[in-house]
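Asks: Here is the input, now give the coordinates:
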Amino acid sequence: MATINDDLAKSVTEGFRQAQIDIVNQDLILSGTGDVTVTLADGSKKTGPSWSKLITAANAAGTSAAAAATSEKNAKTSETNANSSKTAAATSEKNAKTSETNAKTSETNAKTSETNAKTSENNASASASSAAASLAAAQQLTSVPYEEAPFPDVWLPLNDDMRLLAGCAPYDRLTISGQVLELATKSATLTRSTTAMYYDKSGILQNADINEPRFEREGLLIEGASSNLYTYSEQWGAGQRVTTTNNSGDSPRGDKTMALIIEDTSGSEHYVQDRNITLTANTTYCYSVFVKAHTNSRLLYLRIASGSTSGVFFDPVAGAFVGSGGVGAQYVDRGFEILSNGVYRVWMTFTAAASQSTVVRLQLAKDGVTASYTGDGVSGLYIWGAQLESVPVMSSYIPTAASAVTRAADKLSLQPSGNVGYQLLGDAFNRTLAFEISVNRYVTPSNNYADLIRAVGSNNDIIFRAGASTLFTYIGGSGPSLAVTYPIDRKVYAQSVDANNKTSMYFDGKINSRTVAPVNPGSKPTSIDIQGHPNVVYHIRNFRIWHRLLTLNQINGLR
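Replies: Have a look, this model is predicted:
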């Protein structure tokens, strides 16, 4: 076997090593991207561009060269066009000099062009201003991003039951065959000592039992106490020059109890059986009825016929009032609700002129001026559910028979412990709360406000006070306020309180704050109440409390 000496072996080994390095270097240069580092024969390193980077650079250079050539060509074309324009201008100048008439025309056209240029300049300026405003708005949006609020410490959805998703309350109980079972759920408490009517989410009028909450499409319905003074609210006897047929049409309750009234052919007035009701002087009443058009339809004349004369004309075909306004000196206001199946609920408010028995009447009319006319014997309309309340707002329907019926006020209550966020009102505490509210009808009470949501027992922890044109919130003897217009349609209201007694309110994109120390630091809350008021009809849902301050972004993002 042949042998080699050490020098030859070293040379061979070095040759193989260099070959391997060359292969690696070649692979880096040909297959690498960007800059690569290769190993030289003496073992040193050198960094340079890969073949891929050189190709990319060459392509870019070629593209740039092509673009430059194109630009040069376009510049040449522009120069040629400019020379052509110069030649054309010279020709135009020569032609203008040969024709005085054409010159005058050109001058007029030039003046018009100048005006148009000025207009374009103004439009450009307006566009620039609009663009600047849009940019500012976009910057504001991007600088105040949406931020999700944390899970509430107290959460009462009020969508279809009284259960709490969070918060403190006794566990619900269920009694089965005498056995009391404690459930895993906790609920707020609603009290109302009478039954009450409401529209379910399908629009059907339903009856709620004592203490049963009334969930409508807008949330939980909250009303003050009221009485229907109109007896036999769904039945009428013989009136004057009409034929009344009770139980002839489908009512909002889903049964066939609407009455059909048809006029006769005699002259004068056409009305159903009157109600003689004793009114109290200077009290504002609300008179309402459900109405639906007949095949040959007449106007409804909702009327107080004696003593406190008032009235309104309503067209159940067009769904609109007829005439310029109320009839009679004691008339105050009017309105109507659109229900399903062509039914409307029409109302009118008036103030009693004296304490006396007054004729309350449902009447047919031919126009919006007078109810005295000769009937045709076939025209009429359907009526149902008459109501006269000694409050200035129309509330939910209260059926009656031989005597007046009262519906009690609604009140939702939560225990204060673990929910309000403090022990004594004077404690330093942070709290944010929010809810969605709809104030459907509001008339300013005699004391100029209605406290709807508050922590009862503590001195002036008033969460939501409705004034004539202002919302208030108090922690202490005063607090911030915000302007409001009624009705309110499903808007989110939020309030925050910090440990320095600063109270802030947030509503409809507006914010106001005030720092006021509590009037009585030693007062303790006894409950959180969402309560009814005789001058207000409202809905509430998604009541939440956080025992912390939310950021402005989190509050603005609440729904």
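
Asks: so where's the stretch 101-250 of the chain shaky on pLDDT?
Replies: 101-110, 112-144 (pLDDT under 70).

Asks: if we go to 90?
Replies: Applying pLDDT under 90 to the stretch 101-250 of the chain flags the ranges 101-147, 174-175, 177-182, 238.

Asks: Please enumerate the strands of it.
Replies: Here the stretch 101-250 of the chain has its strands, by DSSP state E, counting those that start in this stretch, at 154-156, 171-176, 179-186, 189-191, 196-199, 205-208, 215-216, 219-223, 226-228, 242-249.

Asks: And the fourth one, what's buried?
Replies: If you call a residue buried by 16 or more other Cβ atoms under 10 Å, then strand 189-191 has these buried ones: Leu190. To be clear about C-beta, it is placed using only N, CA and C from the backbone, and glycine gets the same treatment.

Asks: now swap in the second one and tell me
Replies: Along strand 171-176, these residues count as buried under the neighbour rule (16+ other Cβ under 10 Å): Asp172.

Asks: deepest of the strands of the stretch 101-250 of the chain, which one?
Replies: strand 219-223 (a mean of 25; mean count of other Cβ atoms under 10 Å).

Asks: Now do that one: distance to the chain's middle.
Replies: 17 Å (Cα atoms, centre = their mean, to the nearest Å).

Asks: partners of that strand in the sheet?
Replies: strand 215-216 (antiparallel), strand 536-546 (antiparallel) (DSSP bridges).

Asks: Point out the most buried one among these.
Replies: strand 536-546 (a mean of 23).

Asks: Please report how far Ser31 lies from Thr37.
Replies: In this view, Ser31 and Thr37 are 14 Å apart by Cβ to Cβ, to the nearest Å.

Asks: Please apply the same query to Met162.
Replies: For Met162, the distance to Thr37 - Cβ to Cβ - is 73 Å.

Asks: residues contacting the residue nearest to Leu299 when sequence neighbours are not counted?
Replies: Nearest non-adjacent residue to Leu299, counting by Cβ to Cβ, 6 or more residues apart in numbering: Ala365, 4.1 Å away. Contact analysis of Ala365 by Cβ atoms under 8 Å, 6 or more residues apart in numbering lists Arg298, Leu299, Leu300, Tyr301, Phe313, Ala371, Tyr373.

Asks: Let me know the closest of those residues to Gly167.
Replies: Ranked by distance to Gly167 (Cβ to Cβ), the contacts of Ala365 are led by Leu300 at 47.4 Å.

Asks: what is that closest one paired to in the beta sheet?
Replies: Phe314, Leu364.

Asks: Count the neighbours of it for me.
Replies: Leu300 has 28 neighbours, counted by other Cβ atoms under 10 Å.

Asks: between the helix or strand harbouring Gln387 and strand 242-249, how many degrees?
Replies: Per DSSP states H and E: Gln387 is located in strand 380-389. Put simply, strand 380-389 runs at 80 degrees to strand 242-249, going by axes from the mean of the first three to the mean of the last three Cα atoms, to 10 degrees.

Asks: CSV please, covering the strands of the stretch 101-250 of the chain and showing distance to Val378.
Replies: Output for the strands of the stretch 101-250 of the chain, formatted as CSV (distance: least, Cβ to Cβ, whole Å):
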stretch, distance to Val378
strand 154-156, 54
strand 171-176, 58
strand 179-186, 58
strand 189-191, 49
strand 196-199, 33
strand 205-208, 30
strand 215-216, 38
strand 219-223, 40
strand 226-228, 32
strand 242-249, 10
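
Asks: Just put the strands paired with strand 219-223 in TSV and tack on distance to Ser288.
Replies: Converted to TSV, the strands paired with strand 219-223 look like this (distance: least, Cβ to Cβ, whole Å):
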stretch	distance to Ser288
strand 215-216	17
strand 536-546	12
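
Asks: Tell me which of these sits nearest to Ile277.
Replies: strand 536-546 (22.3 Å).

Asks: going on from the closest one, what's the next piece of helix or strand?
Replies: Once the chain leaves strand 536-546, the next helix or strand it forms, by DSSP H and E, is helix 552-556.

Asks: Contacts for that next one, please.
Replies: Against helix 552-556 from outside (Cβ under 8 Å, 6+ apart): Val144, Pro145, Tyr146, Glu147, Glu148, Ala149, Pro150, Thr432, Ala434, Ala494, Ser496, Tyr506.

Asks: what's the burial count for the closest residue to Ser268 other than its chain neighbours?
Replies: Leaving aside its sequence neighbours, Ser268 sits nearest to Ser372 (Cβ to Cβ, 6+ apart; 5.6 Å). Neighbour count of Ser372, defined by other Cβ under 10 Å: 11.

Asks: Quick check: the gap between Ser372 and Ser266.
Replies: For Ser372, the distance to Ser266 - Cβ to Cβ - is 11 Å.

Asks: where do the strands sit along the stretch 301-450 of the chain?
Replies: Using DSSP E, counting those that start in this stretch, strands in the stretch 301-450 of the chain cover 310-315, 320-327, 331-338, 343-351, 356-365, 380-389, 405-407, 411-414, 431-442, 449-456.

Asks: The fifth one vs strand 380-389, what angle?
Replies: Compare the direction of strand 356-365 with that of strand 380-389 by the same axes, to 10 degrees and you get 160 degrees.

Asks: So for strand 356-365, what gets flagged as buried?
Replies: Thr358, Val359, Val360, Arg361, Leu362, Gln363, Leu364, Ala365.

Asks: Check the second one too.
Replies: Neighbour counts over strand 320-327 (16+ other Cβ under 10 Å) mark Phe321, Val322, Gly323, Gly326, Val327 as buried.

Asks: Next up, the contacts around the last one.
Replies: Applying Cβ under 8 Å, 6+ apart, one finds that Val327 lies in contact with Arg303, Thr309, Ser310, Gly311, Val312, Phe313.

Asks: can you tell me which two in those are farthest apart?
Replies: Applying Cβ to Cβ across the contacts of Val327, the maximum distance is between Thr309 and Phe313, 14.3 Å.

Asks: Please identify which of those two sits among more neighbours.
Replies: Each of Thr309 and Phe313 has its neighbours counted (other Cβ under 10 Å); Phe313 has more, 25 against 18.

Asks: who touches the more buried one in this structure?
Replies: By Cβ under 8 Å, 6+ apart, the residues touching Phe313 are Leu299, Leu300, Tyr301, Phe321, Val322, Gly323, Val327, Ala365, Asp367, Gly368.

Asks: try Gln240
Replies: Counted by Cβ under 8 Å, 6+ apart, Gln240 has contacts Ser268, Glu269, His270, Tyr271.

Asks: what's the nearest residue to the second one if we skip its chain neighbours?
Replies: This means Glu269. Ala371 (5.1 Å).

Asks: Met505 against Ala494, yeah?
Replies: Yes. With contact defined as Cβ atoms under 8 Å, Met505 reaches Ala494; the gap is 7.2 Å.

Asks: mind listing what Val360 touches?
Replies: Contacts of Val360 (Cβ under 8 Å, 6+ apart): Tyr230, Asp274, Arg275, Asn276, Ile277, Tyr287, Arg303, Ile304, Ala305, Leu388.

Asks: Skipping adjacent residues, who's closest to it in space?
Replies: In this structure, Val360 finds its nearest non-sequential neighbour in Arg275, 4.5 Å apart by Cβ to Cβ, 6+ apart.

Asks: Please apply the same query to Val393.
Replies: The shortest distance from Val393 to any residue other than its chain neighbours is 4.2 Å, reached at Arg441 (Cβ to Cβ, 6+ apart).

Asks: The one you found: how many residues sit nearby?
Replies: So Arg441, with other Cβ under 10 Å, has 20 neighbours.

Asks: can you pull the contacts of the residue nearest to Gly457 when sequence neighbours are not counted?
Replies: What sits nearest to Gly457 in space, not counting adjacent residues and going by Cβ to Cβ, 6+ apart, is Thr526, at 3.3 Å. Thr526 makes contact with Pro416, Val456, Gly457 under the criterion Cβ under 8 Å, 6+ apart.
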